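Undergrad: the following block contains a protein sequence and its predicted model.
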Number of protein chains: 2
Amino acid sequence: MTIAHNDWMNIAIDAAKLALPKDVPVGALLIANGELIATGYNRRELDCNPVAHAEMLVLQEAALQLNRWRLTDTILYVTLEPCPMCASAIMQARVGQVVFGAYDPVMGACGSQYGLLLDSPDLSVRGGVLEEPCGALLRDFFRQARQK
Amino acid sequence: MTIAHNDWMNIAIDAAKLALPKDVPVGALLIANGELIATGYNRRELDCNPVAHAEMLVLQEAALQLNRWRLTDTILYVTLEPCPMCASAIMQARVGQVVFGAYDPVMGACGSQYGLLLDSPDLSVRGGVLEEPCGALLRDFFRQARQK
């Protein structure tokens, strides 16, 4: 199971890299019945869209692909612990499981700063999957941003 | 100032009615420099989109109209107290003021259930503006939904 988690997270990491160089590199994907339904990456700057976090785009694309906005029995992978916006969206979309990579001590809503995603009995959460490469992407991005 | 609040909220109420009959009637709008920039209404069912709350659509449309995703010095009006998803989106978009109509004891993130929107020193919040007509729209919708 750990191997499967890592495989999906590696695809989310590849998605995250597509956000570069303009946007903070966060990637996400959603699977249902073991199949990849949607991938996405943070596009806030690229799209001039304040809510275009990777998870939000994936939830919307997955709903269109599955033709239902209630995403029960799906798993969302994301390279960074979801913020409260994304956490609430994930809950309202009835996603069954969230697997994330790096922890976010500033905005994380899976316990790091907020506890939103821990409130739901219908949702399981696992953090720290491929934490090191997920976090390294972010650290590199912000280090380069400071040098500009 | 109260009259101006009511005038804008009446426009948000008109927007909310456009969600009927499929979607929960919640409407929102955003103003900048006293001008209406964007209006929107809940389209979750209509668009099969789990994140298509009125506020989310207004934030995105306003960012396009103003050509900036940081919506500083703007005011968002919405007929219902924002949920945690919308509250966090509003904060991340740097909206300066939120004015809402009806309180939401189940999902409200301006103090009713969650305190997210009360955490930000850069954001002022006012609730209960035209609370009665804003709430009546919702009560009528759910009463009719139960009768179906």
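TA: Alright, I've got the coordinates.
Undergrad: mind listing what residue A:105 touches?
TA: A:112, A:113 (Cβ atoms under 8 Å, 6 or more residues apart in numbering or on different chains). In this view, the C-beta of every residue, glycine as well, is placed from N, C-alpha and C.
Undergrad: can you check residue A:71 too?
TA: A:30, A:32, A:59, A:62, A:63, A:93, A:94, A:95, A:96, B:50.
Undergrad: what's the ChimeraX syntax to select whichever of these are buried?
TA: Of the contacts of residue A:71, the buried ones can be selected in ChimeraX as follows, counting by 16 or more other Cβ atoms under 10 Å in any protein chain shown:
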select /A:30,32,59,62,63,93,94,95 /B:50
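Undergrad: got CSV for the contacts of residue A:71, with secondary structure, pLDDT and distance to residue A:146 too?
TA: Shown next, in CSV, are those (DSSP: H, G, I helix; E, B strand; the rest coil; pLDDT from 0 to 100; distance: Cβ to Cβ, whole Å):
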residue, secondary structure, pLDDT, distance to residue A:146
A:30, strand, 98, 33
A:32, strand, 97, 39
A:59, helix, 98, 31
A:62, helix, 98, 35
A:63, helix, 98, 37
A:93, coil, 97, 35
A:94, coil, 96, 39
A:95, coil, 98, 34
A:96, coil, 97, 38
B:50, coil, 97, 36
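Undergrad: can you redo the contacts of residue A:71 as a markdown table with distance to residue B:9?
TA: Formatted as a markdown table, those follow (distance: Cβ to Cβ, whole Å):
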| residue | distance to residue B:9 |
| --- | --- |
| A:30 | 37 |
| A:32 | 40 |
| A:59 | 29 |
| A:62 | 34 |
| A:63 | 30 |
| A:93 | 29 |
| A:94 | 31 |
| A:95 | 33 |
| A:96 | 38 |
| B:50 | 26 |
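Undergrad: mind listing the strands for chain A?
TA: Using DSSP state E, the strands of chain A run over A:27-32, A:35-41, A:74-80, A:97-102, A:124-126.
Undergrad: how far off centre is the fourth one?
TA: Taking Cα atoms, centre = their mean, to the nearest Å, the mean C-alpha location of strand A:97-102 is offset from the chain mean by 7 Å.
Undergrad: adjacent strands (with direction) for that strand?
TA: Here strand A:97-102 is paired, per DSSP bridges, with strand A:74-80 (parallel), strand A:124-126 (parallel).
Undergrad: buried sites along the last one?
TA: Within strand A:124-126, the residues that qualify as buried are residue A:125, counting by 16+ other Cβ under 10 Å.
Undergrad: over to the longest one?
TA: Residues of strand A:74-80 classed as buried by neighbour count (16+ other Cβ under 10 Å): A:74, A:75, A:76, A:77, A:78, A:79, A:80.
Undergrad: that strand - what's its average pLDDT?
TA: Strand A:74-80 shows a mean pLDDT of 98.
Undergrad: just checking, what packs against the lowest-mean-pLDDT helix or strand in chain A?
TA: Least confident helix or strand, chain A: helix A:2-17 with a mean of 92, by mean pLDDT, DSSP states H and E. Packing partners of helix A:2-17 (3 or more Cβ pairs under 8 Å, 6 or more residues apart in numbering or on different chains; DSSP states H and E): strand A:27-32, strand A:35-41, strand A:74-80, strand A:97-102, helix A:131-147.
Undergrad: give me that answer again for 10 Å
TA: If you count contacts as 3 or more Cβ pairs under 10 Å, 6 or more residues apart in numbering or on different chains; DSSP states H and E, helix A:2-17 packs onto strand A:27-32, strand A:35-41, helix A:54-66, strand A:74-80, strand A:97-102, helix A:131-147.
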